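Trainee: sequence isn't available, so here's the structure alone:
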């Protein structure tokens with residue numbers, strides 16, 4: 001028999017329940033102050049606890065539960081703002097299209113989901129590398145045009161593109 005005690009299925013949900021009961025209101029209020037919106041704060045609060053549930057961190061080992069919840073909540077808040085920014089840019093682009101070219105609601109949703117997936121795929125790349133990759137892939141710009149926009153040499157653009165492709169391949173693995 002070993003001395004180490006691993007969390008049993010009975011203690012995990014109990015610990016999550018205690019964490020939720022003791023800190024949900026506090027976290028939701030913290031998020032509401034940053035968002036100015038009770039509905040989004042409630043959604044992000046629930047998402048935070050779902051992330052905690054899915055994490056490898058055993059719940060009983062949390063020394064500072066509020067600090068941990070804030071860390072998870074901040075990440076979700078950043079993702080939330082990035083998604084809203086992306087959605088707004090997409091809606092602005094749609095508003096400039098002629099009426100007969102506007103996609104259906106289903107197509108809009110698929111396009112927005114694709115944009116979000118692309119944004120997540122490129123997350124972590126330096127801004128210049130990200131811009132170079134997007135200009136190349138979405139606007140069809142050549143390396144010379146990208147170099148002019150970024151005010152760098154073509155060799156640097158080639159290096160940026162190699163870095164972006166490598167990043168995409170590694171994320172896919």
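Mentor: Right, received. Where do you want to start? The structure displayed is predicted, hence computed values, not measured ones.

Trainee: and the average pLDDT for the host helix or strand of residue 78 is what?
Mentor: Assessed by DSSP states H and E, residue 78 sits inside helix 65-95. Averaged across helix 65-95, the pLDDT comes to 86.

Trainee: over to stretch 149-164?
Mentor: Averaging pLDDT along stretch 149-164 gives 95.

Trainee: go through that stretch and flag the buried ones.
Mentor: Within stretch 149-164, the residues that count as buried by 16 or more other Cβ atoms under 10 Å are 150, 156-157, 160-161, 163-164. Bear in mind the C-beta positions are built from the backbone N, C-alpha and C, glycine included.

Trainee: which stretches of the chain form helices?
Mentor: Secondary structure of the chain (DSSP state H): helices at 11-35, 38-54, 65-95, 105-122, 127-139, 143-150, 154-172.

Trainee: name the residues of the first one that are buried.
Mentor: To tie it back to what came earlier, the one meant is helix 11-35. For helix 11-35, by 16+ other Cβ under 10 Å, it's 15, 19-20, 23-24, 27-28, 30-32, 35.

Trainee: from the residues you listed, which is closest to residue 66?
Mentor: Nearest to residue 66 among the buried residues of helix 11-35 is residue 23, at 6.1 Å by Cβ to Cβ.

Trainee: let's have the buried residues of stretch 149-164 in JSON lines, adding distance to residue 74.
Mentor: JSON lines is the format used below for the buried residues of stretch 149-164 (distance: Cβ to Cβ, whole Å):
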{"residue": "150", "distance to residue 74": "30"}
{"residue": "156", "distance to residue 74": "33"}
{"residue": "157", "distance to residue 74": "33"}
{"residue": "160", "distance to residue 74": "29"}
{"residue": "161", "distance to residue 74": "32"}
{"residue": "163", "distance to residue 74": "27"}
{"residue": "164", "distance to residue 74": "26"}
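
Trainee: so what are the domain limits for the chain?
Mentor: Split into domains by automatic domain parsing, the chain comes to 10-102, 124-173.

Trainee: dump these to TSV, plus distance to residue 113.
Mentor: TSV is the format used below for the domains of the chain (distance: least, Cβ to Cβ, whole Å):
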stretch	distance to residue 113
domain 10-102	11
domain 124-173	16
